[in-house]
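Q: I'd like to go over a predicted model; first the sequence, then the structure.
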Amino acid sequence: SFDSVVTFSSLEHSGLGRYGDSLDPHGDLKAVARTWCVAKPGASLVIAVPFSLDERIEWNAHRMYGSVMYPHLVANWRQQWRSPPNNE
């Protein structure tokens, strides 16, 4: 079990096949769910993913998260702070 989980610029690529992984439209959600399973109760998640007002998948490079998909990504975690979007 881990006290904290840190992921920087990786989840947005999960499941898109760019780095040899299998295609999975929920690959990012599954990856975060796995971290929840190995984290201690009360653990923290430090996450950095691209955020945009225009959510999209830039095939097969990465996902851009917005107000619809980001909450799904961090569903089990309690949010303490989020950087404001860059008005893209």
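A: Received, thanks. Residues are numbered from 1 along each chain as shown.

Q: quick one, helices of the chain?
A: 27-38, 69-73 (DSSP state H).

Q: what about this structure, any weak spots by pLDDT?
A: 85-88 (pLDDT under 70).

Q: I'd like to know which elements the longest strand seen in the chain is packed against.
A: Across the chain, the longest stretch assigned as strand under DSSP state E is strand 39-48. Counting contacts by 3 or more Cβ pairs under 8 Å, 6 or more residues apart in numbering; DSSP states H and E, strand 39-48 packs against strand 2-8, helix 27-38. C-betas here are computed from N, CA, C, even on glycine.

Q: closest one to residue 74 among those?
A: Smallest distance to residue 74 across the helices and strands packed on strand 39-48 (Cβ to Cβ): 6.8 Å, for helix 27-38.

Q: what comes up buried for the closest one?
A: 27, 28, 29, 31, 32, 35 (16 or more other Cβ atoms under 10 Å).

Q: wait, doesn't the fifth one sit right on residue 70?
A: By that I understand residue 32. No. At 10.9 Å, residue 32 does not count as touching residue 70 under the criterion of Cβ atoms under 8 Å.

Q: distance across stretch 50-57, terminal residue to terminal residue?
A: 11 Å (Cα to Cα, to the nearest Å).

Q: could you find the closest non-adjacent residue to residue 56?
A: Using Cβ to Cβ, 6 or more residues apart in numbering and skipping residues adjacent in sequence, the residue nearest residue 56 is residue 64, 5.0 Å away.
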